[in-house]
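Enquirer: dropping the sequence and predicted coords here.
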Amino acid sequence: MLLQESYTTLKGSYVTFAPVEVSTLDIILNAGSLENVPILPSGFSILPDGPKRNGGSTGSLVTMAFQILDTASSATDIPPDSAATIFNLVMETAECIKAAMFNPLNLGR
């Protein structure tokens, strides 16, 4: 993964990244060409879910955005395999964000 940008304030946080396969990253790091490597920004933001009440804590809203190359899909049809891949990507990303929020030492495991 290539981290493109991250930012945190009291009002929220966001991370922009580009998923890159390890084999592709190895080629790039060994003086390979970036010409045929798709760098598609993806990311997420975490915002508070409303004001705190009575000194208690509040939940968070997480918004994720992905750019995906999918030559099998059209504007009117998404094949089941593509839908399953997208679903798994969203679920895995959500689990990674959750793990990072509750136990930052678990990253990369």
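Expert: Arrived safely, thanks for sending.
Enquirer: only C-alpha atoms for contact and neighbour calcs from this point on.
Expert: Noted.
Enquirer: using PDB, list the CA coordinates for the lowest-mean-pLDDT helix or strand in the chain.
Expert: Considering only helices and strands, the least confidently modelled element of the chain by mean pLDDT, DSSP states H and E is helix 22-29, at a mean of 81. Below are the C-alpha coordinates for helix 22-29, written out as PDB (Å, rounded to 0.1, in the frame of the first residue of the first chain):
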ATOM      1  CA  VAL A  22       3.800  -6.700  -3.300                       C
ATOM      2  CA  SER A  23       5.200  -8.100  -6.600                       C
ATOM      3  CA  THR A  24       4.500  -4.800  -8.400                       C
ATOM      4  CA  LEU A  25       6.100  -2.800  -5.500                       C
ATOM      5  CA  ASP A  26       9.200  -5.000  -5.800                       C
ATOM      6  CA  ILE A  27       9.500  -4.200  -9.500                       C
ATOM      7  CA  ILE A  28       9.100  -0.400  -8.900                       C
ATOM      8  CA  LEU A  29      11.700  -0.400  -6.000                       C
END
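Enquirer: after that helix comes which helix or strand?
Expert: Towards the C-terminus, the helix or strand next in line after helix 22-29, according to DSSP states H and E, is strand 42-48.
Enquirer: and that next one, which strands flank it?
Expert: Within its sheet, and counting by DSSP bridges, strand 42-48 is paired with strand 12-18 (antiparallel), strand 60-65 (antiparallel).
Enquirer: any figure for the gap between Leu10 and Ala94?
Expert: Look at Leu10 and Ala94: by C-alpha to C-alpha, to the nearest Å, they are 21 Å apart.
Enquirer: can you point me to the longest helix in this structure?
Expert: As far as residue count goes, and with DSSP state H defining each element, the longest helix of the chain is helix 80-102.
Enquirer: how far out from the middle of the chain is that one?
Expert: 8 Å (C-alpha atoms, centre = their mean, to the nearest Å).
Enquirer: what angle sits between that helix and strand 42-48?
Expert: Our comparison of helix 80-102 with strand 42-48, counting by axes from the mean of the first three to the mean of the last three C-alpha atoms, to 10 degrees, yields an angle of 50 degrees.
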